[in-house]
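*Asks:* Here is a sequence together with a model predicted from it:
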Amino acid sequence: MIRKKQKSKKLIVDLTGPCGNAYYLIGLAEKLTKGMPSSIIEDITKEMTSSSYENLIKVFDKHFGDKVILEIWIKY
């Protein structure tokens, strides 16, 4: 299926590409929390890195799902 690009106010991150890298997502989280108290940034980063990559994605989505759309490509 081919679709036209859709405008979105949210940032779209393709998790199957280089932007799906854990280090990229942690860096993006730090950018999105810019201006917040450092203790909040540290708490989110610590929660993101406390377990597996799957946990990192869940925590990222919990905190930034209102600003970022996480996408994956599924090959059939």
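*Replies:* On my side now, so go ahead. Numbers count the residues shown, from 1 in each chain.
*Asks:* so where do the helices sit in the chain?
*Replies:* 22-32, 38-48, 53-64 (DSSP state H).
*Asks:* Between the ones you listed, which one is closest to Ile72.
*Replies:* For the helices of the chain, proximity to Ile72 was assessed by CB to CB; helix 53-64 is nearest, at 9.7 Å. Using the backbone N, CA and C atoms, a C-beta is placed for each residue, glycine as well.
*Asks:* quick revisit: same list, the helices of the chain, but as JSON lines with mean pLDDT and mean neighbour count please.
*Replies:* Formatted as JSON lines, the helices of the chain follow (pLDDT from 0 to 100; neighbours: other CB atoms under 10 Å):
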{"stretch": "helix 22-32", "mean pLDDT": "96", "mean neighbour count": "14"}
{"stretch": "helix 38-48", "mean pLDDT": "95", "mean neighbour count": "14"}
{"stretch": "helix 53-64", "mean pLDDT": "97", "mean neighbour count": "16"}
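*Asks:* export those to TSV and tack on distance to Lys9?
*Replies:* Below are the helices of the chain laid out as TSV (distance: least, CB to CB, whole Å):
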stretch	distance to Lys9
helix 22-32	14
helix 38-48	22
helix 53-64	13
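*Asks:* between these, which one is nearest to Leu15?
*Replies:* helix 53-64 (7.1 Å).
*Asks:* All set now, cheers.
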